[in-house]
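[1] Need a 3D model of the following:
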Amino acid sequence: MARAPLLQLTDISLTFGGDPVFHDLSLVVQPGDRVALVGRNGSGKSTLMKVMAGLIEADAGARIVPPGTSVGYMEQDPDMAGFTTLGDFAASGLDAAEMYRVEMAGEGLKFDPARPVETASGGERRRAALAKLMAEAPELMLLDEPTNHLDIEAIAWLENELKQIRAGYVLISHDRAFLRELTRATLWVDRGMVRRQERGFEAFEEWRDKVWDDEDMQRHKMDRKIKSEGRWAVEGISARRKRNQGRLRALHALRAERAGQIRRQGAAAMELASGPKSGKKVVEAEGISKSYGDKSILKNFSIKIERGDRVAFVGPNGVGKTTLLKMLMGQENPDSGTIKMGTNLLPAIFDQSRAQLDPEMSLWESLTGDADMRVSGKADQVLVRGQPKHVVGYLKEFLFDERQARAAVKSLSGGEKARLLLAKLMAKESNLLVLDEPTNDLDIETLDLLQELLDDYDGTVLLVSHDRDFLDRVATQTVAMEGDGRAVVYAGGWSDYRVQRGADTPEEKDEKIKPSEAKVKPSAKDAAPANGLSFTEKHRLEALPGIIERLEAEIAKLEQFLMDPDLFTKEPVKFQKATDALVERQNALSEAEEEWLLLEEKAAGA
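    So this is what the prediction gives:
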């Protein structure tokens, strides 16, 4: 016998402040559903999830949950009033026999149950809320951005848990890898509508683009028909007034339908401007170490970062990624070893704590009050890459409307704060970008745009992120910080690092070979035997085919771009940048192919 749905929404309508959020919305969540809930920032995903959870009452329509069905909701900002510690909150409402679940979830998600609520960070509070939900084990889980503020190991733990449970769940997340791995259906919130496809997130972008292409085609056909019918009305209506009133009414209806169509929100008009080129050497660290009391952050770590490198820093929360970034930027000194900065560096820094944003300031004040953006004598303008722009016009490029310009920064969502910080960062010329967890809260379309901008950026990028897909798309080197002072440099992004490291899951790391920091500077035990490859060379040989393939793809993309015969005359700057990038990648490809041949010969000789 078919089981009843876990949740059903029927003809839901909801209005906030006079603006309709949803109208006549209906959806069903079945037992065992694994659903991705996707949409642009501000499209209403979190609002819809709160309606599903029963926390927001709709203006019209019905929410139906069968008697006895348990629904659990993990929100982005949990209310912990009345609780002393995170553990008290996570255990509330649970029987003594269920307490072990809190301990298991707490261990997997890395939160300290003894941490006082009043001193806990936003990320720690969210991890406690997630542990509470996992321990409660409801039949339907509603998870709003569960991966935000989790490190990669904790994300992997959560991913594994959600694969094994029998409960149904609906996920809001901007982590592509997480959604691809877990979901079997997709709910897409777009301009007040919710569409459903019985395929997981992996098929979403193809489906979305098809819907938008069909929509554009229908709009184009409607525009042509309106134009044709309008011409007929102007030229012949006086001679056929009585016979053709129906046709004229149809024209009015067409125009009304066209005017009532809601335009898709465009992508943010983000742009990165590279400043003057830095020297070839950007940063060189030699044998650096750092400790805080008994905690070792780094031991004898070395790295050389050159112009154009995209270096990712990965590892568990608290392992010292931000500390290493600060040392490489000269903001903090190592206990031992040397760090040499390159010449002509113009850094721009994206701070994960959003410390550059004053929550009490308005968006207007946040931009005009920035010393680097201030235009002398012009209170309503900001300096954007050397040119004055009206502050509201610049905010609109980052998808803020005029009403938000005077709103306080503290009223913004996480994604909106990230966009505002990007607006400040991208107003300045730079040749060194330091991005400390820029991917938190950004929607998928903005992440795509950011990745494209980084691809085209002429400078150097230092990146901390827990978004595995984003790391794969951007990074050319990965520094893995594994705790106890170990930091290892690998070629490529996250997937390349996993292959080279030889570990399939975080839990296996103690059972696999662990390259030490000597990976960068081989010690005697890593030296090549007389008739074979060293440990470092073996893994380099395994990584090179992927690097060569990536370079070939980039070269093909640049060659296609340069095939435009009008590019040189219309866009000489872009033409020169693309030409320089092509030469650089061709040289890198030649070096990689030569290195592969040498290592292959050496391996064959063994």
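[2] So Q8 belongs to a strand, correct?
    Yes. Assessed by DSSP: H, G, I helix; E, B strand; the rest coil, Q8 belongs to a strand.
[3] The closest residue to it other than its chain neighbours - how many residues pack around it?
    Nearest non-adjacent residue to Q8, counting by C-beta to C-beta, 6 or more residues apart in numbering: I64, 4.3 Å away. Using the backbone N, CA and C atoms, a C-beta is placed for each residue, glycine as well. Using other C-beta atoms under 10 Å, I64 is surrounded by 13 other residues.
[4] can you pull the pLDDT of I64?
    You'll see I64 listed with a pLDDT of 95.
[5] So what does it have for phi and psi?
    phi -120, psi 120 (degrees, to the nearest 10).
[6] Show me the domain layout of this protein.
    According to automatic domain parsing, the chain is divided into the following domains: 79-137, 267-346+429-517, 354-415, 522-606.
[7] What residues are bridge-paired with P347?
    On the basis of DSSP bridges, P347 takes part in beta bridges with L432.
[8] Tell me how far it lies from L432.
    The spacing between P347 and L432, counted by C-beta to C-beta, to the nearest Å, is 4 Å.
[9] For these two, indicate the residue with more neighbours.
    Legend: neighbour count by other C-beta under 10 Å for P347 and L432, higher for L432 (24 against 19).
[10] export the domains of the chain to TSV and tack on distance to N160 and mean pLDDT?
    Shown next, in TSV, are the domains of the chain (distance: least, C-beta to C-beta, whole Å; pLDDT from 0 to 100):
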stretch	distance to N160	mean pLDDT
domain 79-137	9	88
domain 267-346+429-517	8	85
domain 354-415	26	86
domain 522-606	26	75
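[11] chain center to stretch 182-190, what's the gap?
    Its chain's C-alpha centre and that of stretch 182-190 lie 17 Å apart, by C-alpha atoms, centre = their mean, to the nearest Å.
[12] How about stretch 432-446?
    6 Å.
[13] And stretch 208-228, by the same measure?
    31 Å.
[14] Just the CA trace of that stretch, in PDB.
    Extracted C-alpha coordinates of stretch 208-228, given in PDB (Å, rounded to 0.1, in the frame of the first residue of the first chain):
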ATOM      1  CA  ARG A 208      17.600  25.300 -15.900                       C
ATOM      2  CA  ASP A 209      19.200  26.400 -19.100                       C
ATOM      3  CA  LYS A 210      16.700  24.500 -21.200                       C
ATOM      4  CA  VAL A 211      13.800  26.100 -19.300                       C
ATOM      5  CA  TRP A 212      15.400  29.500 -19.800                       C
ATOM      6  CA  ASP A 213      16.100  28.900 -23.500                       C
ATOM      7  CA  ASP A 214      12.400  27.800 -24.100                       C
ATOM      8  CA  GLU A 215      11.300  30.900 -22.100                       C
ATOM      9  CA  ASP A 216      13.400  33.200 -24.300                       C
ATOM     10  CA  MET A 217      12.100  31.600 -27.400                       C
ATOM     11  CA  GLN A 218       8.500  32.000 -26.300                       C
ATOM     12  CA  ARG A 219       9.100  35.600 -25.300                       C
ATOM     13  CA  HIS A 220      10.800  36.300 -28.700                       C
ATOM     14  CA  LYS A 221       7.700  34.800 -30.500                       C
ATOM     15  CA  MET A 222       5.400  36.900 -28.400                       C
ATOM     16  CA  ASP A 223       7.300  40.000 -29.100                       C
ATOM     17  CA  ARG A 224       7.200  39.300 -32.900                       C
ATOM     18  CA  LYS A 225       3.400  38.700 -32.700                       C
ATOM     19  CA  ILE A 226       2.800  41.900 -30.700                       C
ATOM     20  CA  LYS A 227       4.800  43.900 -33.200                       C
ATOM     21  CA  SER A 228       2.900  42.300 -36.200                       C
END
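[15] Please, where are all the strands along the stretch 451-600 of the chain?
    With DSSP state E, counting those that start in this stretch as the criterion, the stretch 451-600 of the chain has strands at 460-464, 477-483, 486-491.
[16] Closest to the centroid, which residue in this protein?
    Residue closest to the average C-alpha location in the chain (C-alpha atoms, centre = their mean): T439, at 3.4 Å.
[17] and that residue, backbone torsions?
    The phi and psi values for T439, taken as degrees, to the nearest 10, are phi -80, psi -10.
[18] Surely it is in contact with D467?
    Yes. Under the criterion of C-beta atoms under 8 Å, T439 makes contact with D467 at 4.3 Å.
[19] Which residue ranges of the stretch 501-606 of the chain form helices?
    Per DSSP state H, counting those that start in this stretch, the stretch 501-606 of the chain carries helices over the ranges 535-562, 567-570, 572-605.
[20] Of all the ones you listed, which one is nearest M193?
    helix 535-562 (34.5 Å; C-beta to C-beta).
[21] tell me what that closest one is packed against?
    Helix 535-562 is packed against strand 486-491, helix 494-501, helix 572-605, with contacts defined by 3 or more C-beta pairs under 8 Å, 6 or more residues apart in numbering; DSSP states H and E.
[22] Going by neighbour count, list what's buried in stretch 300-314.
    The neighbour-count check on stretch 300-314 (16 or more other C-beta atoms under 10 Å) flags 300-303, 305, 307-314 as buried.
[23] nearest to K410, of those residues?
    F313 (29.2 Å).
[24] follow-up on the earlier one: shared neighbours, P347 and L432?
    Here P347 and L432 have no joint contacts, going by C-beta atoms under 8 Å, 6 or more residues apart in numbering.
[25] Is R195 in contact with W188, as I believe?
    Yes. Between R195 and W188 there is a contact under C-beta under 8 Å: 4.7 Å.
[26] Show me where the stretch 301-450 of the chain has its strands.
    With DSSP E, counting those that start in this stretch, the ranges of strands along the stretch 301-450 of the chain come out as 310-314, 336-341, 347-350, 381-384, 387-390, 432-436.
[27] rewinding a little: find residues that contact each of T439 and D467.
    With C-beta under 8 Å, 6+ apart as the test, T439 and D467 both reach H174, L447.
[28] just to revisit the earlier point, R195 and W188: who's more crowded?
    Neighbour tally, R195 and W188, criterion other C-beta under 10 Å: the higher count belongs to W188, 19 against 13.
[29] distance of that one from S13?
    In terms of C-beta to C-beta, W188 sits 19 Å off from S13.
[30] Repeat that for L109.
    On the measure of C-beta to C-beta, L109 and S13 end up 37 Å apart.
[31] Give the residue from those two that has the larger number of neighbours.
    Taking other C-beta under 10 Å, L109 and S13 do not tie; L109 has more neighbours (26 against 15).
[32] can you give me phi and psi for the closest residue to the more buried one other than its chain neighbours?
    Excluding the flanking residues, the one nearest L109 by C-beta to C-beta, 6+ apart is R127, at 4.6 Å. Note on R127: backbone dihedrals following degrees, to the nearest 10 are phi -70, psi -40.
[33] ok, now which ones touch R127?
    Here R127 is in contact with L86, L109, K110, F111, H149, L150, A154 (C-beta under 8 Å, 6+ apart).
[34] my guess is the first one contacts E124, does it?
    Spelled out, that is L86. Yes. With contact defined as C-beta under 8 Å, L86 counts as touching E124 (6.4 Å).
[35] who touches both of those two?
    Joint contacts of L86 and E124 (C-beta under 8 Å, 6+ apart) are F111, D112, R115.
[36] what about the first one, how many neighbours?
    Counted with other C-beta under 10 Å, residues neighbouring F111 total 26.
[37] From M134, how far out is the closest residue to it other than its chain neighbours?
    The shortest distance from F111 to any non-neighbouring residue, by C-beta to C-beta, 6+ apart, is to R127 (4.0 Å). In this view, R127 and M134 are 10 Å apart by C-beta to C-beta.
[38] what touches both of the two?
    Contacts common to R127 and M134, judged by C-beta under 8 Å, 6+ apart, are L109.
[39] hang on, the earlier thing: dump the helices and strands packed on helix 535-562 into CSV; add mean neighbour count and distance to G44 as well.
    Written out in CSV, the entries for the helices and strands packed on helix 535-562 read as follows (neighbours: other C-beta atoms under 10 Å; distance: least, C-beta to C-beta, whole Å):
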stretch, mean neighbour count, distance to G44
strand 486-491, 22, 40
helix 494-501, 21, 31
helix 572-605, 14, 37
